[in-house]
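Enquirer: just to be clear, the model below is a prediction. Sequence and coordinates:
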Amino acid sequence: MLTWPYGGLSAEVSGELVGGWTERVAMKRCLKPDGCLGASQGHFYLELKGLHPGKYHYKYIIDNTWATDDHQPQALDSQGNWNNVLEVKPPPRIETPEEQAHFAALQALCMAFERKLRPVGSFFGS
């Protein structure tokens, strides 16, 4: 979810989040008194879905002027322009008790196998 709480008559997003720097996606203005998906009334918002893990560089276009949100992470691009950056992290792995038991059994088998491979006696100087 992206939000732009700083005013303006129109708001768009451009960049890697929305298909490239030549694309512009309009943000919606929240008109509900109780807010919209985390955005307060009067603020612009854009719901993001289906992003794969990674870093995405983007900018806002407010009233046809390119802008960044100084309160969100930023980075310089190769041309010296500041962009906002959204990092999408992979979802945490959820292990069931059954998966944990299988993993523990596998670790025990590996330890037993490694023990059998260790040199025995004084042949190797032990």
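Expert: Perfect, I can see it now.
Enquirer: hey, where'd the helices end up in the protein?
Expert: Counting by DSSP state H, one finds helices in the chain at the ranges 97-117.
Enquirer: OK, contacts around residue 2?
Expert: Each residue near residue 2 by C-beta atoms under 8 Å, 6 or more residues apart in numbering is listed here: 13, 17, 27, 45-46, 48, 58, 86. No exception for glycine: its C-beta is placed from N, CA and C like everyone else's.
Enquirer: same question for residue 60.
Expert: 4, 11-13, 27, 66-69, 84.
Enquirer: by neighbour count, which of those wins?
Expert: Most neighbours among these, by other C-beta atoms under 10 Å: residue 11, with 24 neighbours.
Enquirer: the closest residue in space to residue 30 that isn't next to it in sequence pairs with what?
Expert: For residue 30, ignoring the flanking residues on the chain, the nearest one in space by C-beta to C-beta, 6 or more residues apart in numbering is residue 36 at 3.7 Å. Counting by DSSP bridges, residue 36 is bridged to residue 39.
Enquirer: touching, residue 86 and residue 17? I think so.
Expert: Yes - Residue 86 is within contact range of residue 17, at 6.4 Å (criterion: C-beta atoms under 8 Å).
Enquirer: overlap in contacts of these two?
Expert: Common neighbours of residue 86 and residue 17, counting by C-beta under 8 Å, 6+ apart, are 2, 48, 51, 56, 58.
Enquirer: which among these end up buried?
Expert: 2, 56, 58 (16 or more other C-beta atoms under 10 Å).
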